[in-house]
Every structure is written in structure tokens, then in C-alpha cells.
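Novice: what would the 3D arrangement of this be:
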Amino acid sequence: MTNWVRGNLTATISYNLEKAFGVGKAEFIVPQLSDDGWKQHYKEYSFWQGRTFLRLETLDAEKAKVGIYTDATNKIGTATIKIGETSSEIYLPTFYCQAAMQVKLNSISLPEDKIRLAVDNGETTDALWLVKGSSFLNGKCSVSGVEIDDFGTGKASLRCGSESFTLSLGTPSDIRISKDDAESILYKKWNLINRIIPNPNDKNNVYIAYAGQLPDDLAKTNPDAKGESKAVEKEFIVLINSEKELSESDKINYDSQIKGALSGAKLQSKNIDELKINFGNYFKDAKAFIITKGETVKGIGGSSYAFLGFERADSALTGDVIRKEALDYFFNKTVEEARSIARKYYSETKENKETFGETALFEAVKLAKEII
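Specialist: Numbers count the residues shown, from 1 in each chain. Next up, the predicted model:
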């Protein structure tokens, strides 16, 4: 009888890693788009680090049909689900392992204010559309409030565990304008209301009073004789041509007046041409001009003005409290990593005989001194 036996053993291992590809459990707010709308905006509904895209294909009062795509046209799976139901697993063919996903239809609702948030879980980043009450990062964080104005600015209140903070999307801070075809000037971090440098031919005072983006339904001209409208750039500014130099109290009054006039004119308008007329009717002692990107308007204080665009859109965290929370978060993460390195590599040395653990702790101490 032989003293040994040779053979091959094969094991089948099953495992479930919800967050292995960067999503875990997350909510998506997905509108129903036309074919053209989907081709133009499908990247806004990505997940798994931009590898796949979620499309709402059909919808009725009780159920929805969703498609999973790898680009605008290549569909790899479909699920028809009722409210509260979860689909069967949909496998993604592009991964070495059998990566699968499931889709649950939480609700069908009327359009509401939403935010697009870039979420970094430490490994991947995904862009999510969220509304008040939505959760993300596997349920660890949620949206407690959304406030959006009519022309591209607003804020969102978020909560992660016991921490609450606010993200704000402000009006663009750097504006490039050309006057009388002269070399353009960049008005950096303009404050309402930033007076444009006058020339001797100016009859009145001209001020930059507002900056924003047009809603989709207004970013077009009046229909021509053929019934066709032309698209216009969404970026716009408001210039005020006043008969007198504005005082600080005048500027404060114009700030609220302009925002109210824009909101009121929006309700009365179907396109940019109607918006300009309706908006201008709100002002008596000053002329107000809406100028879209690439447009030149004549007769403003005896000069012509061309708006060349925003140099930078300000979408950072705002407020000293928010900045401090962000700083505290990243500092604490850095200290955690330094301690982890110290535990793992406490005896391994570099060429200078210093251990990797000592170096990590020393750098953490240096960082603490710099931010105090």
C-alpha cells in the first residue's frame, strides 16, 4: 500500500461585499428623460466610480422600469419593480468577480428640489442626486434640508452620525467683462455691488449687481418666423445703470430687489427675451440689464458691455464653522493613519535608523503645530 496520496482540491467560495465597488446602499433620485436628454445627461446618473449608469425608462403610478448601462447606449440589465420591491441581482460583465447589484423602488414622487453631491467613501467617488431625507454612505449620512433659488445658488444641510454641517453653492466670484471693445477686466471676488470703473464718456454709474445661471427652460430666444428658438448660454450677469452713485443702503436695497425681480420675471417668462423685458419693468430709478455669456449690450451709461464668462464657480464649503469641521475631520483622519503606521511598523527602520512609526508620529505632531 502506498505511503502517500496525491490529489487536487477545488473550493467554491461565496462572499458578499456590499461596498467593494464603492457604493454600498445608496439612494438615487432619477427623473425620466427623453432619448436626447439621456444622451446628454446620462453621466449625471453614474455609480460604481462612473462604470455604470442608471436610467428610468418607463414609469406609472405603481411601478418603474429601470435600465443599467455602461455608456449612453450599451444596456447590460433591466428590472421592472413595484414600489417597495427589490429586483433580482443584475450582474456586471466587466468585473473579474461576479459583481452584482440590486435595485429597490422606494417611492414615486413629484419633482422636488435636489442636490448633486460628490461622495468620497475613502476609495471611490460617486456623484449622487439627493433630496431632503435621502441617505448615502451606506446609511451613515443623510440630507436634512435643501434650499435652492431660481438661478443656480443654494445650500444643503447634511448630517453624518452626530455631526451636522451645511454645503453652499454661491454665485460665481470672478467675472470677466469687456467695455467698449477694450481689453477685458477680471472682477475678482466681486461684492455687491461692485462699480465698474467709469470712463469720461459715462453718463451714469454702472454696477455689477448679480451673477447666476439661467434655468433650462429660459436658456433660449423668442421663436423666429419659423417658430424656432436659438439656445443661449446659461451664465448671465445683471448690470445696474443708476442716475446717482449708490450708497451702502442703496446697495442693500438693490440686492433684495434684484433677487425678487428675477423670481417674479421668471414666472412671467418663457425665454430669455421675455425675462429681460419683464425684469427691466421692476426698476424705476435705474435701468437693469441682463447680459448672457458672449453677449454685448450697448447704451449702458453711454458704453457697451460684453460679458465673457465666469472664471471660476465657487462651490466650496462656506462659513468658518464649516471650514473648521472639515479641517477637524481631515486632521483626525491623518492622526489615525499615523497611529496605524506606528503600530504596524514600530520596529522597521529607514536608512537613518529612524523607524517608520517614529516618522509618522513626528509628522502628525508637526501638522498639529501648524494648524493650531
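Novice: count of residues packed around Phe136?
Specialist: Residues lying near Phe136 (other C-beta atoms under 10 Å) number 23. All C-beta atoms are positioned from the backbone trio N, CA, C, and that covers glycine.
Novice: ditto for Thr58
Specialist: Neighbours of Thr58 (other C-beta under 10 Å): 11.
Novice: how many other residues sit next to Lys155?
Specialist: By other C-beta under 10 Å, the residues close to Lys155 number 17.
Novice: looking at this, it is in a strand?
Specialist: Yes - applying DSSP: H, G, I helix; E, B strand; the rest coil, one finds Lys155 inside a strand.
Novice: in this structure, which spans are helices?
Specialist: Using DSSP state H, the helices of the chain run over residues 35-41, 248-268, 272-280, 320-344, 356-371.
Novice: wait, which of these is closest to Ile175?
Specialist: Taking C-beta to C-beta, helix 248-268 is the member of the helices of the chain nearest to Ile175, at 15.1 Å.
Novice: for the closest one, packing partners?
Specialist: Identification of packing neighbours for helix 248-268 by 3 or more C-beta pairs under 8 Å, 6 or more residues apart in numbering; DSSP states H and E yields strand 205-213, strand 235-242, helix 272-280, strand 286-292.
Novice: and that helix with strand 205-213, angle?
Specialist: Relative orientation of helix 248-268 versus strand 205-213 (axes from the mean of the first three to the mean of the last three C-alpha atoms, to 10 degrees): 40 degrees.
Novice: check the offset of helix 248-268 from the chain's centre.
Specialist: Relative to the mean C-alpha coordinate of its chain, helix 248-268 is positioned 25 Å out (C-alpha atoms, centre = their mean, to the nearest Å).
Novice: identify the bridge partners of the residue lying closest to Glu295 once chain neighbours are set aside.
Specialist: Leaving aside its chain neighbours, Glu295 sits nearest to Phe307 (6.2 Å; criterion: C-beta to C-beta, 6 or more residues apart in numbering). Counting by DSSP bridges, Phe307 is bridged to Ile177.
Novice: could you measure Phe307 against Pro31, distance?
Specialist: Using C-beta to C-beta, to the nearest Å, Phe307 is found at 31 Å from Pro31.
Novice: which one's more surrounded, the two?
Specialist: Between Phe307 and Pro31, Phe307 has the larger neighbour count (other C-beta under 10 Å), namely 26 against 14.
Novice: in the sheet, who's paired with the most centrally placed residue in the chain?
Specialist: Nearest residue to the geometric centre of the chain (C-alpha atoms, centre = their mean): Arg116, 4.6 Å. Arg116 forms beta bridges with Trp129, as assigned by DSSP bridges.
Novice: for Phe310, see how far away it is.
Specialist: For Arg116, the distance to Phe310 - C-beta to C-beta - is 18 Å.
Novice: and the strands in the stretch 1-150 of the chain?
Specialist: Along the stretch 1-150 of the chain, the stretches classed as strands by DSSP state E, counting those that start in this stretch are 46-47, 52-59, 63-69, 75-82, 90-91, 100-101, 115-120, 125-130, 135-136, 141-148.
Novice: nearest to Glu274, out of the ones you listed?
Specialist: From the strands of the stretch 1-150 of the chain, taking C-beta to C-beta, the stretch that ends up closest is strand 141-148, at 22.2 Å.
Novice: name the strands paired with that closest one and say parallel or antiparallel.
Specialist: Strand 141-148 pairs in its sheet with strand 135-136 (antiparallel), strand 154-160 (antiparallel), by DSSP bridges.
Novice: name the stretch among these that sits most buried.
Specialist: Mean neighbour counts were compared across the strands paired with strand 141-148 using mean count of other C-beta atoms under 10 Å; the top stretch is strand 135-136, at a mean of 19.
Novice: now that one: how far from the chain's centre is it?
Specialist: 16 Å.
Novice: before we move on, what about stretch 233-245?
Specialist: With C-alpha atoms, centre = their mean, you get 26 Å for stretch 233-245.
Novice: could you chop this structure up by domain?
Specialist: As given by automatic domain parsing, the domain ranges for the chain are 174-312, 320-371.
Novice: want to throw the ones you listed into CSV with mean pLDDT and distance to Asp35?
Specialist: Formatted as CSV, the domains of the chain follow (pLDDT from 0 to 100; distance: least, C-beta to C-beta, whole Å):
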stretch, mean pLDDT, distance to Asp35
domain 174-312, 81, 17
domain 320-371, 69, 40
